[in-house]
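J.: Here is a sequence together with a model predicted from it:
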Amino acid sequence: MQKYRALIPLAIVVLLSAWLAYTLRPSDEKRIAKNLNQVCLILSKGESENPALLAFKMFDFARFCAEQVSFDIEEAPIKGSYSNEQLISEASRYRAMCESLQLSIMDLETEVNDENQALVRGTLKVKLTAQGYSFDEMLPLQIQMRKIERAWKITRVAKVKIFSK
């Protein structure tokens with residue numbers, strides 16, 4: 001009987017720890033929002049950024065994208081479907097053309113359709129300076145994501161048309 005009394009507090013601690021881990025675990029919506037904010041931080045560029053960091057940032061960017069990502073944004077220079085490698089190359093090239101680039105995503109609405117697919121609507125704030133021109137705009141986006149190997153990855157990015165003629 002004495003042996004079992006020592007196990008009771010241990011069992012309580014294990015059960016309490018398991019319950020806390022389950023309840024404090026971030027939801028899929030929070031994980032998706034965190035991933036999209038990290039993508040914005042990775043793609044953003046300061047005026048005095050070290051060029052050596054570019055390679056590390058681009059490989060970090062790749063882990064947030066699926067093997068094929070399609071873009072449907074009329075104003076963007078990147079349109080169509082791209083492999084992960086092509087996307088890194090294009091993002092690096094366009095990012096290098098900018099003197100400064102600030103991206104932030106706001107007003108996120110996430111719908112997790114099933115365990116492995118999600119649809120995210122939000123507004124992307126883009127502020128960039130390149131070759132003496134400044135661009136400051138808000139783009140309403142719809143982002144499709146898929147859970148691949150327990151990580152949410154971007155599969156499609158499209159501009160949402162708010163007004164139609």
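T.: Yep, that arrived.
J.: ranges for the helices of this protein?
T.: 2-24, 28-43, 53-62, 84-97 (DSSP state H).
J.: which stretch among the ones you listed comes nearest Leu139?
T.: Nearest of the helices of the chain to Leu139, taken as Cβ to Cβ: helix 28-43 at 12.3 Å. No exception for glycine: its C-beta is placed from N, CA and C like everyone else's.
J.: re earlier: could you say which one of the helices of the chain comes nearest to Glu111?
T.: That would be helix 28-43 among the helices of the chain, by Cβ to Cβ, at 8.9 Å.
J.: List the contacts of the closest one.
T.: Here helix 28-43 makes contact (Cβ atoms under 8 Å, 6 or more residues apart in numbering) with 26, 57-58, 60-61, 64, 91, 95, 101, 103-105, 108, 110, 112, 118, 120, 122, 124, 143, 145, 147, 151-152, 154.
J.: Centroid-nearest residue for the protein?
T.: Centroid-nearest residue in the chain, with Cα atoms, centre = their mean: Leu36, separated by 2.3 Å.
J.: most neighbours per residue, which of the helices of the chain?
T.: helix 28-43 (a mean of 17; mean count of other Cβ atoms under 10 Å).
J.: How far away from the center of its chain is that one?
T.: The chain centroid and the centroid of helix 28-43 are separated by 4 Å under Cα atoms, centre = their mean, to the nearest Å.
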